[in-house]
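> build me a model from this:
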Amino acid sequence: MRSRTFNAKTFTMKTLLFVVIVIMLIYSLFPFYWMTISSFKSHQEMFQREPTLYPHKFILSNYVDLMQKTNAPRWFMNSTYVCVIAVFICISISCLGAYSLTRFRFKGRIGISNSILFVYMFPPIMVGIPLFFFMKRLGLLDSHLGLILTYSAQTLPYTLWLLRAFFQTIPIDIEDSAYVDGATRLQTLVRIVLPLALPGIVASSVFSLMVTWNEYVFAFLFISTEWKKTIPTGLRHFMTSHGVLWEYIFPLSVLAAIPLAIFFLFVQKRLMETMAGGIKG
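Now for the predicted structure:
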């Protein structure tokens, strides 16, 4: 009897947990679903009195008009160019900084390690105006270079803090064995330490890409030329004084989410392969 009662309670708890997870999943994915199906609706169906959960007639004209009549293709190129370079710079500096903080002994190392995230506490809007005048003095306003440097500096504290935690889990004895075999410090870092820290590098890259791809404040403050804008500031172009052009906003939002989804799927596969290899080793 006790066994049956225990099994019944366990089944009930698992069922309730499953229902809660499903509800949370639907709640999280419904906005993306609504955005996607609305991008295939006609203008009349999009604004009719009774909303529909699926298009009565799928149309692709919204996507065609977006790519042909707007600067959306250029915004995609700008966002990709800025984000890829900014993420590469951020992760490269973070790897070197995290390695130095965990392997070298120098004055102020503990203070630097403990105050890494202090800079990240300030919201972008607070440092936006000072950075604007700083970029103006450097002549980097309305340039992608200024945006790249800003994005790299914006995500660097968190990625450095995250990678530092990963580097601390790697035993120093492994590096000592490589030194005994004749490897240099650079060879040890590239061939041993970085592969072992790959899960942390992947996680840091995901965070850095999300921040830079969706960033709006700095892109709005620094970029004024239309063909230099990125996707977040490009979306604002469709919010006019005459109304909001949802037939352009929905398709552009869907297309903007696709690169992130592809990147997540790719790094997830690589991350699982790395973790499986580490377990087998």
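> pull the residues that contact stretch 116-136.
With CB atoms under 8 Å, 6 or more residues apart in numbering as the test, stretch 116-136 has contacts from 141, 146, 150, 154, 157-158, 160-161, 164, 215, 217-218, 221-222. Just so you know, the C-beta spots here come from the backbone N, C-alpha and C atoms, and that holds for glycine as well.
> again, 7 Å this time
Surrounding stretch 116-136, the residues in contact under the criterion CB atoms under 7 Å, 6 or more residues apart in numbering are 141, 146, 150, 154, 157, 158, 160, 161, 217, 218, 221, 222.
> ok, longest helix in this structure?
helix 2-38 (DSSP state H).
> from the contacts of stretch 116-136, pick the one nearest residue 62.
For the contacts of stretch 116-136, the residue nearest residue 62 by CB to CB is residue 217; the value is 27.9 Å.
> what about residue 206, neighbour count?
17 (other CB atoms under 10 Å).
> before we move on, the earlier item: buried residues of the longest helix of the chain, list them for me.
By neighbour count on 16 or more other CB atoms under 10 Å, the buried set for helix 2-38 is 35, 37, 38.
> which one of the residues you listed is nearest residue 234?
Ranked by distance to residue 234 (CB to CB), those are led by residue 35 at 16.2 Å.
> what about that closest one, distance to residue 93?
According to CB to CB, to the nearest Å, residue 35 and residue 93 sit 35 Å apart.
> about what we covered before: which of the contacts of stretch 116-136 fall within helices?
Reading helices off the contacts of stretch 116-136 with DSSP H, I get 146, 150, 154, 157, 158, 160, 161, 217, 218, 221, 222.
> OK, contacts around the fourth one?
Counting by CB under 7 Å, 6+ apart, residue 157 touches 116, 117, 119, 120.
> name only those of the residues you listed that count as buried.
Of the contacts of residue 157, these count as buried by 16+ other CB under 10 Å: residue 116.
> now, among the contacts of residue 157, which is nearest to residue 192?
Among the contacts of residue 157, and counting by CB to CB, the member closest to residue 192 is residue 116, at 24.2 Å.
> so, low pLDDT: which residues of this structure?
1-6, 8, 269-281 (pLDDT under 70).
> just to revisit the earlier point, among the ones in helices among the contacts of stretch 116-136, who's most crowded?
residue 150 (26 neighbours).
> how close does that residue get to residue 135?
Relative to residue 135, residue 150 is positioned 8 Å away (CB to CB).
> show me where the stretch 101-250 of the chain has strands.
With DSSP state E, counting those that start in this stretch as the criterion, the stretch 101-250 of the chain has strands at 239-240, 243-244.
> looking at those strands, which one is packed in the most?
strand 239-240 (a mean of 10; mean count of other CB atoms under 10 Å).
> picking up where we left off before, any chance of the contacts of residue 157 in a markdown table with distance to residue 100 as columns?
A markdown table is the format used below for those (distance: CB to CB, whole Å):
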| residue | distance to residue 100 |
| --- | --- |
| 116 | 13 |
| 117 | 17 |
| 119 | 18 |
| 120 | 19 |
